[in-house]
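**Student:** Would you be able to build a 3D model of this:
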Amino acid sequence: MERRPRHSLHELLQQDRYTPEEVAELLEIGLDVVRHAAFSGELRAQIAEHDIISIRREDVLAWVEASGGPDAARPR
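**Tutor:** Predicted structure coming up:
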């Protein structure tokens, strides 16, 4: 599988759709937190079989707002 180059924060903020890795990087949380939220339905995502294909920016923002902000999702 080909790895995509890391994007700058500015580039990530301009996107309409994200990978789970990009969401984790943006919110500074673990990738497993993002995956769990997507597979549990807490975070809306386009999923095919067992793969998270993409997550819309609007859905990331709604998830962050519902969870009380990015610090609420970060393990302590």
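**Student:** okay, CA-based contacts and neighbour counts for the rest of this
**Tutor:** Fine.
**Student:** Could you list the single helix or strand in the chain with the lowest mean pLDDT?
**Tutor:** Every helix and strand in the chain was compared by mean pLDDT, DSSP states H and E; the lowest is helix 70-73, with a mean of 55.
**Student:** Name all residues that make contact with the residue most central in space within the chain.
**Tutor:** Nearest to the geometric centre of the chain sits residue 23, at 2.9 Å (CA atoms, centre = their mean). When the contact criterion is CA atoms under 8 Å, 6 or more residues apart in numbering, the partners of residue 23 are 34, 60.
**Student:** does it count as helix, strand or coil?
**Tutor:** At residue 23 the chain is in helix, as set by DSSP: H, G, I helix; E, B strand; the rest coil.
**Student:** ok, it to residue 50 distance?
**Tutor:** 18 Å (CA to CA, to the nearest Å).
**Student:** what's the answer for residue 20, then?
**Tutor:** 13 Å.
**Student:** Which one's more surrounded, those two?
**Tutor:** Using other CA atoms under 10 Å as the criterion, residue 20 and residue 50 rank with residue 20 on top: 22 against 7.
**Student:** show me what contacts that one?
**Tutor:** Applying CA under 8 Å, 6+ apart, one finds that residue 20 lies in contact with 31, 34, 35, 52, 54, 55.
**Student:** Try it again at 7 Å.
**Tutor:** 31, 34, 35 (CA atoms under 7 Å, 6 or more residues apart in numbering).
**Student:** got the end-to-end distance for stretch 35-50?
**Tutor:** Note: stretch 35-50 ends 10 Å apart using CA to CA.
**Student:** Name every strand pairing with the lengthiest strand in the chain and say which way it goes.
**Tutor:** Longest strand in the chain by number of residues, with DSSP state E as the criterion: strand 51-56. The strands beside strand 51-56 in its sheet (DSSP bridges) come out as strand 17-18 (antiparallel), strand 46-48 (antiparallel).
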